[in-house]
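Q: Next come a sequence and a model predicted from it.
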Amino acid sequence: MVLLEDVPLATRQVMWFQLDGAPAHFARSVRQFLNAHYPQWIGLGGTIAWPLRSPDLTPLDFYFWGYMKQKVHTVVIESREQLLDRIDIAAEEI
């Protein structure tokens, strides 16, 4: 992939690749390429399944917001100001 030529191999080996379920992207040759070059990828037929016709799923939906919510709600939130502070703290930690 020309797009990732400048990304170090060590980085590519731990990064995730996300693919939608469009028919052209589900071809056997595409899946074989992804399996060979990415140990983990999100998509139809991927190592992590992506439901058909769900273009609204992104890495943020798939992981980040749940992780952020978990970090924010480690304490009981009693006010709007406290919630905003906890969000800022969690975002800085991430």
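A: Sure, I can see it. All values derive from a computational prediction rather than experimental measurement. Numbers count the residues shown, from 1 in each chain.

Q: give me every residue that touches residue 71.
A: Going by Cβ atoms under 8 Å, 6 or more residues apart in numbering, residue 71 touches 86, 89, 90, 93, 94. For glycine as for every other residue, the C-beta is placed from the backbone atoms N, C-alpha and C.

Q: so where do the helices sit in the chain?
A: 9-14, 28-37, 59, 65-72, 80-93 (DSSP state H).

Q: By mean pLDDT, show me the worst of those helices.
A: For the helices of the chain, the weakest mean pLDDT is recorded on helix 59, namely a mean of 63.

Q: Any chance of TSV for the helices of the chain, columns distance to residue 45?
A: Formatted as TSV, those follow (distance: least, Cβ to Cβ, whole Å):
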stretch	distance to residue 45
helix 9-14	20
helix 28-37	5
helix 59	18
helix 65-72	24
helix 80-93	34
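
Q: Of all those, which one is nearest residue 43?
A: Closest to residue 43 of these, according to Cβ to Cβ: helix 28-37, at 7.3 Å.

Q: list the buried ones in the closest one?
A: 31, 34 (16 or more other Cβ atoms under 10 Å).

Q: what do you get for stretch 33-50?
A: So stretch 33-50, judged by 16+ other Cβ under 10 Å, has buried residues 34, 38, 41, 42, 43, 44, 45, 46, 50.
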